[in-house]
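Enquirer: Okay, sequence plus prediction incoming.
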Amino acid sequence: MQQCNEYEDFEFGVLSEQEIRLIMAEYSRQKLKESLIGPLISTFVHTLLIVLAVLFFQGEAVSKNAHVEITKMEEAPPVDVPHLLLRHQKYLHLSLRM
């Protein structure tokens with residue numbers, strides 16, 4: 001029994017080495033473009049936003065207040081450190097363990 005292959009006379013999928021390399025090079029260029037377009041657009045937009053922010057969002061100049069009065073305050077009473085340490089000893093102990 002003879003096998004009947006209706007596609008016997010056609011050469012599907014047969015490409016020369018040069019054609020395969022051309023297709024691969026074109027595919028590689030296309031993928032490179034696709035992967036660079038997003039970051040390039042993002043960089044452009046962010047640069048544009050920074051430039052617009054610098055141009056339009058300028059701070060106001062604040063004049064110095066000539067009526068400033070400086071007074072010396074009394075010294076604060078000394079703090080009883082051992083009392084505070086004893087009061088919070090369990091928290092201090094826990095934090096030193098970690």
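Expert: That came in fine, so what should we check first? What you see is a predicted model; the values in this text were computed from it and never measured. Residues are numbered from 1 along each chain as shown.
Enquirer: which residues touch residue 33?
Expert: If you count contacts by Cβ atoms under 8 Å, 6 or more residues apart in numbering, residue 33 has none. Yep, even glycine has a C-beta here, placed from its N, CA and C like the rest.
Enquirer: How is it classified with respect to secondary structure?
Expert: helix (DSSP: H, G, I helix; E, B strand; the rest coil).
Enquirer: Over to the one 5 residues further on?
Expert: When the structure is reduced to helix, strand and coil (three-state DSSP), residue 38 reads as helix.
Enquirer: per-residue pLDDT, it?
Expert: The per-residue pLDDT reported for residue 38 equals 90.
Enquirer: show me where pLDDT drops low in this protein?
Expert: The model of the chain has pLDDT under 70 over residues 1-13, 80-98.
Enquirer: where exactly do the helices run in it?
Expert: In the chain, the helices defined using DSSP state H lie at 17-56, 81-87, 89-97.
Enquirer: any chance of the ones you listed in CSV, plus distance to residue 69?
Expert: Listed next are the helices of the chain as CSV, based on distance: least, Cβ to Cβ, whole Å:
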stretch, distance to residue 69
helix 17-56, 37
helix 81-87, 34
helix 89-97, 41
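Enquirer: And the ones you listed: which comes nearest residue 72?
Expert: Among these, helix 81-87 comes nearest to residue 72, with 25.4 Å by Cβ to Cβ.
Enquirer: Out of the helices of the chain, flag the one nearest residue 63.
Expert: Closest of those to residue 63 is helix 17-56, at 22.8 Å (criterion: Cβ to Cβ).
Enquirer: circling back: quick check: which of the helices of the chain is nearest to residue 68?
Expert: helix 17-56 (31.9 Å).
Enquirer: Right, I'll call it a day here.
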